[in-house]
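Asker: Next input, structure requested:
(chains A and B)
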Amino acid sequence: MRVSNRSIYQGIQLQLMDIAERMKSLNNQISSGRRINQPSDDPIGVTQMLGLRDVLSKVDQYQKNIDFGESWLKATESSLQDLSNLVIRAKEIANQMSTGTYSAAQRANAAGEIQNIMEECRGLGNTQLNGRYLFSGYQEQTPAYDQTYTYRGDTNDIEIPIGESMQMKINLTGDAVFGPDGDPDNNLFQILTGLRNALQNNDTDGISSALEKLNTFQPRVESDLADVGSRLDRMGNSKDILSGLQQNHTESLAQVEDTDIPTATTDLTAQQSAYQAALYSAAQITRLSLVDFLR
Amino acid sequence: MSGITSVLNIAQGALLANQTGLSVTGHNIANVNTPGYTRQRLVLESNAVTEFSRLKLGMGVRVRAVIQDFDRFTTQSIYQNLSVLSEFESKGSILNDLQGIFNETSGTGLSKTLQDFWTAWQQLSDNPGGIPERTVVLQNAQSLCDQFHTMSQSLDQARDQMNENLAVSLNDLNTMTEQVARLNQAIVAAEASGTPANDQRDQRNSLIGQISQLFDISYLEGKDGSIMIMTRSGVALVDGSQSWKLTQNGNTIQWNGIPNDISQRLTGGKIGAWLDLRDAIIPQYESNLDELAGSLISEINTQHLAGYALDNSTHHYFFDPFNIGSVQYGGSYAGDHVAAVGGAYTGNEAKTFHFTIHGSGTVGTDSFTVDWNDGTGLPGHSGTLTVSPAAYSNLAVFEGMDLSFGVGNLVDGDTFSVDVTGNAGAARSIALSSDVNNRPAAIAASGVPALPGVPEPGNNENALAIQALQAKTIVAKKWTYQRGANPSSQDQPGTMDDYYSLLVGDVGVLAKETSEKQEFAQAMDTRLNDLRDSTSGVNLDEETLNLTRFQQAYTAASKLVSVTDQMLQNLLDMR
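Answerer: So this is what the prediction gives:
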């Protein structure tokens, strides 16, 4: 085939431009660290990348939610433990005072102590975390128990998202912990009021009956503690799972998104050699001309 | 003719012929780099024979013609391929710009802004009574609106740029077709004498090549040497010495001033690419972005309207419901009450809702009914609402819309209507509603309170519901636009985040495809040009050989002259 000068030069130019373009693209990948610098570099990869980033962002937020839920549950746990100790103390007093060896005056003193215990229990019921009352349900700006030991909160469960379509209750309401409002047999404050009155009145029957009611009440606190404990466990598990998920997805994201530096660098070196070779051959070809040889 | 003089004639002929040869070779050498140049060649033939006694003697050489080595078929293929190459080149470069609008790879695009928006709602669900969390929700929502606006505006600007490009190239086109017409005339005149007008033909071919870059054309050479050019779809551009102009009028392209839009008939090349972008590709991306924004507005508003704010008030909008028009009172309207249509329109089509009141009386005191229909006539798309003295606001109509009445009198037969539009224009107009803008406490994080009127600061149910919308599968429309056809849509189920990442993927796929087609066309172009050059291109070594050839012949011919001259001299010196 006849070859014109224009063909030769055009050919050289296009080949050099081709190699230069490949070098530019590789350089871009290496310097930005990203394999995909615009959607057309890998359209399917981009869709995967966006999906993975989405999941990672959600996982991150779920972890934050779990941290918040854990702090709430731990504060609840600590209050419940204090409450448990107070109930035990109240039982001791009731037990002691129900025997015949104590005088009316001593019982009156004990009544004072029971009154203090009641106030402390009320204080526990009104525990706050960052200005929010733990045991008031949705009425988190209202103290759960007022001066008359009446429950002012509501019975709602507070839930937070800890996973995709997964929500967890993080609270206990006052009426679940301390017993139904106004119930003389099952409400702690009612029981303690009864006990205090019985001590003041030197009423041993009243003291014994209060002791029985306290015995019935105590397992409630224990089971609440177990409930909180198991919820904390589940949150801990979720956290672990999320952590694993985070790691997996971060790795997948890196695989899709990041440049494989060794491969890219090798490719770049190869292109550079190709470019040099092309330049060399161009120089050789363009040097030859018949005019140099005539006469 | 006597011997020696005729030899001189032969010598003269030879000198002239070789001089011409040198001149043609020189012309080729000079034009080695001229694009579109076809190498020219001398056609020599021996002169007629004369009788000299009974001998037939040749009378030397003469130049019959100077022709060009033109490869008609390859050249036509080159121009056809050039249309394809130019089309994908133009499209490719603009698609790269458009990719910048959807550039999510840097991590700062709409995808991230959306994620931040959903995250802010989750944080609010952790502390529904908090004001800082609400402020963050509003800030992130505002960023989202701003991002939609920016993207929509960039797409608009790209579309306007296409019109500007068209204007410039149509001017160029008209200039070129005029020139071709003039060249046609010149060539016909010049070739009347029987020899080809090589350089003018080269000029004309180069113009045809440039016109092919603009759109697909067909061209035919007539017997007289003039070329007729028309678009592949048959719009005449040049015929003989006549040419016709294409002009741009707004969004239409007109032929010869006739007010008919011929832009459908222009395909391929740069102009085809720009028209495709202006009328199909960019509007498609705009519509799909609008679908996303519209779905977001509709879903969030629907949930937000049902929720309760910090002060236990409800029915607050989060985003402005941009697609519900104002109430238009009908011809027969005798009451003095005020009607309002609101809510979050969850439908996709544009239509008009008609309402007719039955019963007279006062709103808030009397009961009456309202007939409504949405103009489509489909079953289930009409009905009757009962308005009682206790309930005359936020009455559910259809597809998320609700109706409210202000206190006042009404008359039986009063009519009014409301237009709703689909999602078109959502990305351009998405904005925070005045209900919540700068009013963080008005964000409805709480669900329905247990006791009406008693606020529940710890109630995070609505915030939970809104953040769950991120994972909700909605059915949004996916639009496809094609030039010359009506836009069509398909229902695409998925989450809103998925819709957007698929949209980005679409842009990437189109850009990649275009780039690959461009590479292929470029390779074809190179190959075809090499083929053409093998017939029509100039090779300097070859021309240098020709120089030597003609020079030697010239030298020999001039020697002939001096020898003949010597012979004449001898003759005259004979005493």
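
Asker: As a check, name the ranges of all strands in the stretch 51-200 of chain A.
Answerer: Under the criterion DSSP state E, counting those that start in this stretch, the stretch 51-200 of chain A carries strands at the ranges A:128-129, A:132-133, A:159-163, A:166-169.

Asker: can you pull the contacts of residue B:530?
Answerer: A:1, A:3, A:7, A:11 (Cβ atoms under 8 Å, 6 or more residues apart in numbering or on different chains). All C-beta spots, glycine's among them, are computed from the backbone N, C-alpha and C.

Asker: tell me, which of those make contact with chain B?
Answerer: Among the contacts of residue B:530, proximity to chain B is found for A:1, A:3, A:7, A:11 (Cβ under 8 Å from any Cβ of the partner chain).

Asker: For the closest residue to residue B:343 other than its chain neighbours, which three-state class applies?
Answerer: Once flanking residues are discounted, residue B:343 sits nearest to residue B:402: 4.1 Å by Cβ to Cβ, 6 or more residues apart in numbering or on different chains. For residue B:402, the secondary-structure state derived from DSSP: H, G, I helix; E, B strand; the rest coil is strand.

Asker: pLDDT at residue B:402, what is it?
Answerer: At residue B:402, the model reports a pLDDT of 88.

Asker: next one: residue B:337
Answerer: Looking at residue B:337, the pLDDT reads 64.

Asker: quick one: which of the contacts of residue B:530 is most hemmed in?
Answerer: Top of the contacts of residue B:530 by neighbour number is residue A:7, holding 20 neighbours under the definition other Cβ atoms under 10 Å in any protein chain shown.

Asker: pLDDT value on it, please?
Answerer: In this prediction residue A:7 is given a pLDDT of 89.

Asker: go on, residue B:407?
Answerer: pLDDT, residue B:407: 77.

Asker: circling back to that earlier point, what bridges to the residue nearest to residue B:343?
Answerer: Per DSSP bridges, the residues bridged to residue B:402 are residue B:342, residue B:396.

Asker: Which SSE is immediately downstream of the helix or strand hosting residue B:514?
Answerer: Of the helices and strands defined by DSSP states H and E, residue B:514 is found in helix B:496-536. Using DSSP H and E, the next helix or strand after helix B:496-536 towards the C-terminus is helix B:540-573.

Asker: Would you mark the buried spots in that following helix?
Answerer: Residues B:542, B:543, B:544, B:546, B:547, B:550, B:553, B:554, B:557, B:560, B:561, B:564 are the ones in helix B:540-573 that count as buried (16 or more other Cβ atoms under 10 Å in any protein chain shown).

Asker: can you check stretch B:75-92 too?
Answerer: So for stretch B:75-92, counting by 16+ other Cβ under 10 Å, buried means B:75, B:77-92.

Asker: Next: stretch B:310-323.
Answerer: B:310, B:312, B:314, B:315, B:316, B:317, B:318, B:319, B:320, B:321, B:322, B:323.

Asker: Please, where are all the helices along chain A?
Answerer: For chain A, the helices defined by DSSP state H occupy A:5-32, A:43-98, A:104-125, A:174-178, A:188-200, A:204-257, A:261-287.

Asker: packing partners for the third one?
Answerer: I take that to be helix A:104-125. Secondary-structure packing of helix A:104-125 (3 or more Cβ pairs under 8 Å, 6 or more residues apart in numbering or on different chains; DSSP states H and E): helix A:43-98, helix A:174-178, helix A:188-200.

Asker: what does the shortest one rub up against?
Answerer: In other words, helix A:174-178. A:80, A:83, A:121, A:125, A:135-137, A:144-145, A:151, A:153, A:155, A:181, A:187-189, A:220-221, A:224.

Asker: how distant is that helix from the center of its chain?
Answerer: 26 Å (Cα atoms, centre = their mean, to the nearest Å).

Asker: so where does residue B:86 fall, helix or strand?
Answerer: Under the assignment here (DSSP H and E), residue B:86 is part of helix B:72-101.

Asker: Tell me which other helices or strands that helix touches.
Answerer: Checking 3+ Cβ pairs under 8 Å, 6+ apart, helix B:72-101 ends up next to helix B:131-190, helix B:198-214, strand B:217-221, helix B:269-276, helix B:496-536.

Asker: Buried ones in the second one, by neighbour count?
Answerer: Within helix B:198-214, the residues that qualify as buried by neighbour count (16+ other Cβ under 10 Å) are B:198-205, B:207-208, B:210-214.
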